[in-house]
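# compute the structure for the input listed below.
(chains A and B)
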Number of protein chains: 2
Amino acid sequence: MNFKKEQRVKRIAIIGIGYIGLPLAVEFHKFYKVTCYDFSSKRINELKNKYDSNNENDLSKLNKNKINFTNNKSLLKGNDIYILCVPTPVLKNKKPDLRLIINATKITANHMGKNSIVVYESTVYPGVTEEICLPILEKISNLKCNKDFSIAYSPERINPGDKIHNIKNVTKVVSASNKRALKIVDSIYKKICLAGTFKAQSIKVAEGSKVIENIQRDLNVALMNELSIIFYKMNIDFQDVLEAANTKWNFLNFKPGLVGGHCIGVDPYYLTFKAKTLNYNPKIILSGRSINDNMHKEVLIRVLKKCKEHNISVISSNVLLLGASFKEDCSDFRNSKSVELYNLLKNKFKKVDFYDPLVDHNDFIKKNKIKLKKNIGNNKYNVIIIAVSHKVFLNMNFYKKILKKNSFIFSIKKNKNKLDEINL
Amino acid sequence: MNFKKEQRVKRIAIIGIGYIGLPLAVEFHKFYKVTCYDFSSKRINELKNKYDSNNENDLSKLNKNKINFTNNKSLLKGNDIYILCVPTPVLKNKKPDLRLIINATKITANHMGKNSIVVYESTVYPGVTEEICLPILEKISNLKCNKDFSIAYSPERINPGDKIHNIKNVTKVVSASNKRALKIVDSIYKKICLAGTFKAQSIKVAEGSKVIENIQRDLNVALMNELSIIFYKMNIDFQDVLEAANTKWNFLNFKPGLVGGHCIGVDPYYLTFKAKTLNYNPKIILSGRSINDNMHKEVLIRVLKKCKEHNISVISSNVLLLGASFKEDCSDFRNSKSVELYNLLKNKFKKVDFYDPLVDHNDFIKKNKIKLKKNIGNNKYNVIIIAVSHKVFLNMNFYKKILKKNSFIFSIKKNKNKLDEINL
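Below you'll find the predicted structure:
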């Protein structure tokens, strides 16, 4: 190998400054000079003004001499480490949409140099880094992996909205194409991940470890959804059943609910895509996806049945739908199932007001063509649906003023503050 | 109700003295006079001689004045509480086999009296206690539930082979057909379950809470099996992937493996049967069952492939299959998948020796028509398969003497003591 024996990392470039890239940049800039590139000039301008529209990072204490937000690609030249943190969504047909990661790879290939290490953090199926990205890097850069440069994979474990688990206190899995690169990548992540690192046996093992985490979570929620449907058909309150089951030492406290977002609802399709190319039909994972992808329809069924029980005329009733993001106390509304639920409700009820004070209303209307209510005011509703249990929604006084007589609250998750509510 | 205001429980009858009934009897006899009835005279004779063939209970300190083992039904007369602890297996077509629970119900109905409380501990689908057993009780006894007698359901949470979780330190769910019976049943279980009780909202809720516990476990193992198959097809060591994934705080430490026994591999079919009668096809639960029910075939595939890699001629090779029970360090071999694996191996290899020092060899030959090896002696093997990781199998010295040259050990579970082994 041509690597200098002692390569000291001084400069890190991060491509994609969203939920994953920004916390990395904030931590790394305490030790290295960090260049943050994002395709979105809006995002870059906000970050320059120390504003994180995701409400996840405090940027007020950033050291401007050590961090640079830019959408000028040429500033990516001359970095020691390139960390790619772009989303890996799925296409409408649920196949992996690798366009963003390929594009970020091309940008990197055009700016990296000898001895660079290219680190991927995006969730993928095993093989994407080495079989899809690496050939692009080599071809465009005209450099040879493990001779002129190295690649690495370190899956992100960022949990938006979670104030307990963060980049500092969660173990980080690292892997690389050669031992020297692994040592370097391990050492830089160790500086910011105080919980330590775990060296995976290979890049593919690290890729696999990430995708199965989210599959496991997806399937466990899917099982709760399937059970919720079965117990509903038996006229047994599933929340009561869960409460009893949870008194066993090894029962896992999952709950039925809507599964949206850019991770749990998406990542399983990456592995199932790969499995299918190997002629294996992953029945369990896909049956879980199928239930979770359709759970908003089950919510509609139950709301309509409840209306019937309450003698509420659906076509002349107003509904308030609370929560547009994909998760509690989080502003991210990508692949939010609330949006799909809204579209179903809209076709049934007289009027549906959609309210979420956490998400960016302008962004929301741009992406979903749906106008969120600015405030609830003095409106009265026959049905209130809490799709996402943001803390701001859990005040009973809030509901007293806006509920019509003979109305009901349907909350997808059971809330602890004893709202008089019906649950999934 | 005709109940006496103060009903003091003095005598308890337990019908079915197996894995579930015996520990109950041992604990209850410290407070009550306990009559233990079992259909099997062999079992009753063993218990009278203070021998538990399941190796789960120390009977040496039993107070013979307080406990009576019998297969004389007439001794069941005059008890305050009847606790039914019979197995609830499935038929060959995977439908619930309720014959044992119905038979135990008939025996109880013939011997119970006014004010009796009949408690079910067997795992069932919601409705079995009230819709199937109760009518039988009323018809045969000519008594009326909630007027002359009561019913209750308290699911067993016995975990054979587990020295940590036992009847004393695991919360017990209780439910009953009326408040007074619930109070009584709760008070008697509280005496022996020092971890406390949990009063479920209804008998059906309690029935449901039990069956979903085992479904959750079954499905989580099934997911690991599906993932193991996918990663095997990708040529990635799944044990390495699991090790990396397990460094995340919320990854659930399940492993691929064979799922046998009388609980996890059986109970899900109870709920899926009920779901199907309600026109719901439980795709997730059944796809999990399907994977787990066929995993021994995957083991065969991998063993044969490994033989090919080692140039081992299958038809002229000897195999040693270790472990005939359904679980580590447990003597129970009901629905053991090892037996199915043995039958597959037998058709491929020259000779298959099947060894398990924990199970009762006479019982085993009677039930499975397979003769287990008494000892390994000086035999040499080309392939050793550890189907069940009993502690006695985890000594490397044991293997050194019996492995031929160019042989291998295939262990379904990864063992911690660094055997040189291949895993699922």
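# ok, now which ones touch A:R217?
Going by Cβ atoms under 8 Å, 6 or more residues apart in numbering or on different chains, A:R217 touches A:264, B:250. Quick note: C-beta positions are derived from backbone N, CA and C, even for glycine.
# what do you get for A:I15?
A:21, A:37-38, A:76, A:82-86, A:104, A:107-108.
# what about the nearest residue to A:K401 once chain neighbours are set aside, neighbour count?
What sits nearest to A:K401 in space, not counting adjacent residues and going by Cβ to Cβ, 6 or more residues apart in numbering or on different chains, is A:N378, at 7.8 Å. Applying other Cβ atoms under 10 Å in any protein chain shown, we find 7 residues neighbouring A:N378.
# again, but for A:I422
18.
# who's in contact with it?
By Cβ under 8 Å, 6+ apart, A:I422 lies in contact with A:302, A:306, A:408-411.
# direction included, what does the helix or strand encompassing A:F69 pair against?
Using DSSP states H and E, A:F69 maps to strand A:67-70. Sheet pairing of strand A:67-70 (DSSP bridges) gives strand A:33-37 (parallel).
# tell me the mean pLDDT for the very next helix or strand once past the partner strand?
Heading C-terminal from strand A:33-37, the first helix or strand you meet, by DSSP H and E, is helix A:41-48. What helix A:41-48 shows for mean pLDDT is 95.
# from A:V319, how far off is the residue nearest to A:K401?
16 Å (Cβ to Cβ, to the nearest Å).
# check for me that A:K305 belongs to a helix.
Yes - per DSSP: H, G, I helix; E, B strand; the rest coil, A:K305 lies within a helix segment.
# for it, the count of nearby residues, please.
What A:K305 shows, counting by other Cβ under 10 Å, is a neighbour count of 11.
# in chain A, which strand is the longest?
When chain A is parsed with DSSP state E, its longest strand is strand A:403-411.
# list the helices and strands that one packs on?
Packing partners of strand A:403-411 (3 or more Cβ pairs under 8 Å, 6 or more residues apart in numbering or on different chains; DSSP states H and E): helix A:295-309, strand A:381-386, strand A:421-423.
# pairing partners for that strand, with directions?
Using DSSP bridges, the strands paired with strand A:403-411 are strand A:381-386 (parallel), strand A:421-423 (parallel).
# that strand: which residues count as buried?
Neighbour counts over strand A:403-411 (16 or more other Cβ atoms under 10 Å in any protein chain shown) mark A:403, A:407-411 as buried.
# name the nearest of those relative to A:K61.
Nearest to A:K61 among the buried residues of strand A:403-411: A:S411, at 38.0 Å, using Cβ to Cβ.
# got any ranges where chain A has weak pLDDT?
Low-confidence segments of chain A, defined by pLDDT under 70: A:1-7, A:417-419.
# hmm, stretch A:91-106 in reach of chain B?
No - Stretch A:91-106 lies out of reach of chain B by Cβ under 8 Å from any Cβ of the partner chain, never closer than 15.1 Å.
# need the contact partners of the strand holding A:F69.
Outside strand A:67-70, the residues that touch it by Cβ under 8 Å, 6+ apart are A:17, A:25-26, A:29, A:33-38, A:44, A:47-48, A:75.
# same deal with stretch A:111-120?
By Cβ under 8 Å, 6+ apart, stretch A:111-120 touches A:2-4, A:7, A:13, A:73-74, A:76-84, A:101, A:105, A:108, A:128-129, A:133, A:137, A:141, A:143, A:148-154, A:176, A:181, A:184-185.
# kindly recompute the last result at 7 Å.
A:2-4, A:7, A:73, A:76-84, A:108, A:129, A:133, A:137, A:141, A:143, A:148-154, A:181, A:184-185 (Cβ atoms under 7 Å, 6 or more residues apart in numbering or on different chains).
# buried only: go through the residues you listed for me.
By 16+ other Cβ under 10 Å, these give A:3, A:76, A:79-84, A:108, A:129, A:133, A:137, A:141, A:143, A:148-154, A:181, A:184-185 as buried.
# by proximity to chain B, which residue of the stretch 301-424 of chain A wins?
A:I301 (12.5 Å; Cβ to the nearest Cβ).
# can you get me a residue count around that residue?
Neighbours of A:I301 under the rule other Cβ under 10 Å: 12.
# do A:K42 as well
A count of nearby residues for A:K42, using other Cβ under 10 Å, gives 11.
# likewise for the one 4 residues further on?
Neighbouring residues of A:E46 were enumerated by other Cβ under 10 Å; the total is 18.
# just give the closest residue to it, not the sequence neighbours.
For A:E46, ignoring the flanking residues on the chain, the nearest one in space by Cβ to Cβ, 6+ apart is A:S53 at 5.8 Å.
# I'd assumed A:D360 was in contact with the one you found.
Yes - here A:S53 reaches A:D360: they are 6.1 Å apart, a contact under Cβ atoms under 7 Å.
# from A:V266, how far off is the residue nearest to A:L91 when sequence neighbours are not counted?
In this structure, A:L91 finds its nearest non-sequential neighbour in A:D97, 4.7 Å apart by Cβ to Cβ, 6+ apart. For A:D97, the distance to A:V266 equals 9 Å [Cβ to Cβ].
# between those two, which one's more packed in?
Taking other Cβ under 10 Å, A:D97 and A:V266 do not tie; A:V266 has more neighbours (24 against 18).
# which parts of the stretch 251-400 of chain A sit against chain B?
A:251-252, A:271, A:275, A:278, A:280, A:282-285, A:287-288, A:291 (Cβ under 7 Å from any Cβ of the partner chain).
# which of the residues you listed are buried? Put it as a ChimeraX command.
Selection command for ChimeraX covering only the buried members of these, criterion 16+ other Cβ under 10 Å:
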select /A:251,252,271,275,280,282,283,284,285,287,288,291
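# give me phi/psi at A:K371?
The phi/psi pair for A:K371 (degrees, to the nearest 10) reads phi -90, psi 120.
# what sits against A:K77?
A:H111.
# what about the longest helix in chain A?
helix A:203-233 (DSSP state H).
# how about that helix: buried residues?
Applying 16+ other Cβ under 10 Å to helix A:203-233 flags A:203-232 as buried.
# which parts of chain A are strands?
Ranges of strands within chain A are A:11-15, A:33-37, A:67-70, A:81-84, A:117-120, A:150-153, A:172-176, A:197-199, A:318-322, A:351-355, A:381-386, A:403-411, A:421-423, based on DSSP E.
# quickly compare the strands paired with strand A:403-411 and say which is most buried.
Highest mean neighbour count among the strands paired with strand A:403-411 (mean count of other Cβ atoms under 10 Å in any protein chain shown): strand A:381-386, with a mean of 24.
# tell me how far that strand lies from the chain's centre.
How far strand A:381-386 lies from its chain's middle: 27 Å, per Cα atoms, centre = their mean, to the nearest Å.
# for A:L24, give its distance to A:I14.
As judged by Cβ to Cβ, A:L24 and A:I14 stand 6 Å apart.
# shared neighbours, the two?
A:83, A:85.
# between those two, which one's more packed in?
Taking other Cβ under 10 Å, A:L24 and A:I14 do not tie; A:I14 has more neighbours (28 against 25).
# go ahead and confirm that one touches A:G21.
Yes - contact criterion Cβ under 7 Å: A:I14 and A:G21 qualify, at 4.7 Å.
# what sits in contact with each of these two?
Contact with both A:I14 and A:G21 is made by residues A:36, A:85, according to Cβ under 7 Å, 6+ apart.
# what is the burial count for the nearest residue to A:K416 once chain neighbours are set aside?
Among residues not flanking A:K416 along the chain, A:L394 sits closest, at 8.0 Å (Cβ to Cβ, 6+ apart). For A:L394, the neighbour count with other Cβ under 10 Å is 17.
# give me phi/psi at A:L394?
Backbone geometry at A:L394, expressed as degrees, to the nearest 10, gives phi -100, psi 30.
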